[in-house]
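Asks: kindly return the folded structure for what I paste below:
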Amino acid sequence: MRPLPPKIGCVAQTLHGWIRRHQTDVGQRPGLTSEERERIKALERENRELRKANEILHLASAYFAQAELDRRTKF
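Replies: Next comes the predicted model:
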């Protein structure tokens with residue numbers, strides 16, 4: 001009988017990873033569940049986007065403040 005990984009078209013290491021992930025997801029093994037990992041990734045992505053937006057707003061604020069100062073000195 002052939003080993004299971006080649007029968008399903010993967011290497012043993014891949015199958016072992018799937019088993020470990022399943023064991024973690026059902027609480028048989030310590031660690032973050034797949035759902036928790038996905039939630040963390042989504043939060044990190046949102047955090048990056050918010051930091052970029054904050055930087056853009058900061059630069060825009062500085063630009064308009066300088067423009068206002070330049071406008072006042074011309075009058």
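
Asks: show the pLDDT at K74.
Replies: Note for K74: predicted pLDDT of 69.

Asks: and Y63, by the same measure?
Replies: With respect to pLDDT, Y63 scores 95.

Asks: show me where the protein has its helices.
Replies: Assigned by DSSP state H, the helices in the chain fall at 4-8, 12-25, 34-74.

Asks: out of those helices, which is the most enclosed?
Replies: Neighbour counts (mean count of other CB atoms under 10 Å) averaged over each of those peak at helix 12-25, with a mean of 13. Backbone N, C-alpha and C define where each C-beta goes, glycine included.

Asks: so what touches it?
Replies: P3, L4, P5, I8, R29, P30, G31, L32, T33, S34, E35 (CB atoms under 8 Å, 6 or more residues apart in numbering).

Asks: how about a cut-off of 7 Å?
Replies: Contacts made with helix 12-25 from outside it, assessed by CB atoms under 7 Å, 6 or more residues apart in numbering, are listed as L4, P5, R29, G31, T33, S34.

Asks: and the average pLDDT for that helix is what?
Replies: Taken as a whole, helix 12-25 has a mean pLDDT of 94.

Asks: from the chain's centroid, how far away is it?
Replies: Centre-to-centre, helix 12-25 and its host chain are 22 Å apart (CA atoms, centre = their mean, to the nearest Å).

Asks: measure how it sits relative to helix 34-74, angle-wise.
Replies: Using axes from the mean of the first three to the mean of the last three CA atoms, to 10 degrees, the inter-axis angle of helix 12-25 relative to helix 34-74 is 80 degrees.

Asks: domains of the chain?
Replies: 1-31, 34-75 (automatic domain parsing).

Asks: how much space between L50 and E38?
Replies: Applying CB to CB, to the nearest Å, the value for L50 to E38 is 19 Å.

Asks: could you do R48 as well?
Replies: Noted for R48: a distance of 16 Å to E38, by CB to CB.
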